[in-house]
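Asker: give me the fold of what follows.
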Amino acid sequence: MSSLATSVPVELLSRIDLLAQSAPVPPVMDAAEKQALKDKIKRLLQEKNAQLVAHYYVDDDLQALAEETGGKVADSLEMANFGAQSEADMLVVCGVRFMGETAKMLSPEKTILMPDLNATCSLDESCPPKEFAEFCAQYPDHKVVVYANTSVEVKALADWVVTSGNALEIVTHLKEQGEKIIWAPDRHLGHWIQKETGVDMIRWQGHCIVHDEFQMYELQSLKEKHPDAKVIVHPESPAEVVDLADVVGSTRVMIDAVQTLPDQKFIVATDYGIFYKMQQLAPEKELIVAPTGGKSGHCISCAHCPWMAMNGLHNLAACLENETGEILIEEPIRQKALQSVERMLEFSRAKGLVQSKASGD
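Answerer: Numbering: from 1, shown residues only. So this is what the prediction gives:
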């Protein structure tokens with residue numbers, strides 16, 4: 001099988017690091033100010049027939065608001081499915097830009113807003129459409145499979161879009177059909193999928209700045225300090241970190257593991273924003289953040305996405321009140337990208353990987 005890959009230019013990786021370091025953080029508020037903003041947001045959601053969709057990695061307050069107002073807290077696949085099924089006129093997506101674009105692809109008739117359109121993703125940034133198109137053109141006999149963490153322009157180049165929750169099943173299906181694939185953009189997730197499925201794969205060499213920083217030696221040391229802890233790891237992490245895991249999988253898989261396994265202690269290698277949902281569903285469990293570069297050196301994210309952190313109550317209220325931060329996509333691009341996203345959703349619904357109708361967790 002092939003594992004040829006293209007390198008992401010060093011200057012592009014440096015730009016991504018600078019973007020991450022310069023991402024603004026929402027202001028700190030006292031309890032009264034926070035409550036006033038929550039009340040305002042709830043009122044605006046009702047007035048505008050809007051629903052709030054939040055990713056597991058955003059601030060706890062935003063996840064709680066989504067749940068309290070009939071919205072959705074989920075991974076990117078369930079966010080997309082919920083938005084497509086919703087009867088709201090407006091969706092407000094608390095996450096990163098590719099999630100807002102996916103919502104718009106599936107619901108072009110709806111107004112899709114985001115608290116900050118500059119909330120990007122290192123995987124998205126590491127896969128520029130022009131360069132990726134040139135790369136794909138070299139392998140015309142390969143199916144192009146891209147991770148959901150990509151721009152709408154990259155999705156328009158793909159045959160399939162996948163998430164960490166359905167990638168194994170979809171790639172296994174393609175392998176059974178005798179297909180060879182181009183995988184983009186996450187090199188670690190691609191490696192894990194190739195190892196698990198044995199598919200003939202050519203990998204693009206992007207990475208998530210959060211998961212790329214989890215450290216093997218530090219994790220091994222932490223395991224020795226907590227021998228009774230189960231290690232759960234997102235497959236965007238380096239292979240040597242994945243190899244130390246008791247459970248490997250998507251955010252949904254990780255949450256289910258904490259909730260259902262009998263163990264009382266877990267070392268968690270993903271964005272620590274997920275702890276809100278984990279503690280909500282399993283309040284008696286002890287959760288420990290897996291070590292990043294911050295334990296023994298420099299790190300960019302230190303286990304929390306700087307772009308997810310750009311979502312806050314202030315800019316959420318402002319985008320609702322003023323209807324700013326709207327996601328707009330040119331229709332020809334939307335139609336091309338929609339084909340690969342709908343193919344993913346149809347496959348996932350048939351396999352029971354997503355719910356057929358919108359509902360809460």
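
Asker: going forward, measure contacts and count neighbours with C-alpha atoms only.
Answerer: Fine.

Asker: how does this protein divide up, domain by domain?
Answerer: What automatic domain parsing lists as the domains of the chain is 5-16+123-204, 18-119+308-350, 211-295.

Asker: closest to C302 out of the ones you listed?
Answerer: domain 211-295 (5.8 Å; Cα to Cα).

Asker: all strands of the chain, in order?
Answerer: 5-6, 50-55, 72-74, 90-94, 111-113, 143-147, 160-162, 181-184, 201-204, 230-233, 247-248, 265-269, 286-289 (DSSP state E).

Asker: now the ones you listed in a markdown table, with distance to W192, mean pLDDT and mean neighbour count?
Answerer: Below are the strands of the chain laid out as a markdown table (distance: least, Cα to Cα, whole Å; pLDDT from 0 to 100; neighbours: other Cα atoms under 10 Å):
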| stretch | distance to W192 | mean pLDDT | mean neighbour count |
| --- | --- | --- | --- |
| strand 5-6 | 15 | 66 | 14 |
| strand 50-55 | 23 | 97 | 28 |
| strand 72-74 | 23 | 96 | 25 |
| strand 90-94 | 28 | 97 | 27 |
| strand 111-113 | 33 | 97 | 24 |
| strand 143-147 | 13 | 98 | 23 |
| strand 160-162 | 14 | 96 | 26 |
| strand 181-184 | 12 | 98 | 27 |
| strand 201-204 | 11 | 96 | 25 |
| strand 230-233 | 12 | 98 | 25 |
| strand 247-248 | 10 | 98 | 20 |
| strand 265-269 | 15 | 98 | 24 |
| strand 286-289 | 22 | 97 | 17 |
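
Asker: what about L328, distance to I112?
Answerer: 8 Å (Cα to Cα, to the nearest Å).

Asker: lowest-confidence helix or strand of this protein?
Answerer: Within the chain, no helix or strand scores below strand 5-6, which has a mean of 66 by mean pLDDT, DSSP states H and E.

Asker: enumerate every residue touching the spatially closest residue to R97 that is not a sequence neighbour.
Answerer: Closest residue to R97 apart from its sequence neighbours, by Cα to Cα, 6 or more residues apart in numbering: T120 at 5.3 Å. By Cα atoms under 8 Å, 6 or more residues apart in numbering, the contact set of T120 is 96-98, 307.

Asker: which residues are in contact with the residue nearest to K230 when sequence neighbours are not counted?
Answerer: Leaving aside its chain neighbours, K230 sits nearest to F266 (4.8 Å; criterion: Cα to Cα, 6+ apart). If a contact means Cα under 8 Å, 6+ apart, then F266 has 229-232, 258, 285-288 as its contacts.

Asker: swap in H207?
Answerer: 122-123, 126, 185-188, 236.

Asker: what about 7 Å?
Answerer: Counting by Cα atoms under 7 Å, 6 or more residues apart in numbering, H207 touches 122-123, 185-187.

Asker: do T324 as well
Answerer: The neighbourhood of T324, defined by Cα under 7 Å, 6+ apart, consists of L113.

Asker: where does this structure have low pLDDT?
Answerer: 1-7, 294-298, 353-361 (pLDDT under 70).

Asker: CA atoms only: put the longest helix seen in the chain into PDB for me.
Answerer: In the chain, taking DSSP state H as the definition, the longest helix is helix 331-350. Taking C-alpha atoms only, helix 331-350 is exported to PDB below (Å, rounded to 0.1, in the frame of the first residue of the first chain):
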ATOM      1  CA  GLU A 331     -23.700  28.600  -5.000                       C
ATOM      2  CA  PRO A 332     -21.500  26.700  -7.500                       C
ATOM      3  CA  ILE A 333     -19.000  25.900  -4.700                       C
ATOM      4  CA  ARG A 334     -21.800  25.000  -2.300                       C
ATOM      5  CA  GLN A 335     -23.300  22.600  -4.800                       C
ATOM      6  CA  LYS A 336     -20.000  20.800  -5.400                       C
ATOM      7  CA  ALA A 337     -19.100  20.600  -1.700                       C
ATOM      8  CA  LEU A 338     -22.700  19.500  -0.900                       C
ATOM      9  CA  GLN A 339     -22.300  16.300  -2.900                       C
ATOM     10  CA  SER A 340     -19.500  15.000  -0.800                       C
ATOM     11  CA  VAL A 341     -21.100  16.100   2.500                       C
ATOM     12  CA  GLU A 342     -24.500  14.500   1.600                       C
ATOM     13  CA  ARG A 343     -22.800  11.300   0.600                       C
ATOM     14  CA  MET A 344     -21.200  11.200   4.100                       C
ATOM     15  CA  LEU A 345     -24.500  11.900   5.900                       C
ATOM     16  CA  GLU A 346     -26.500   9.400   3.800                       C
ATOM     17  CA  PHE A 347     -23.900   6.700   4.500                       C
ATOM     18  CA  SER A 348     -23.800   7.600   8.200                       C
ATOM     19  CA  ARG A 349     -27.600   7.600   8.600                       C
ATOM     20  CA  ALA A 350     -27.900   4.200   6.900                       C
END
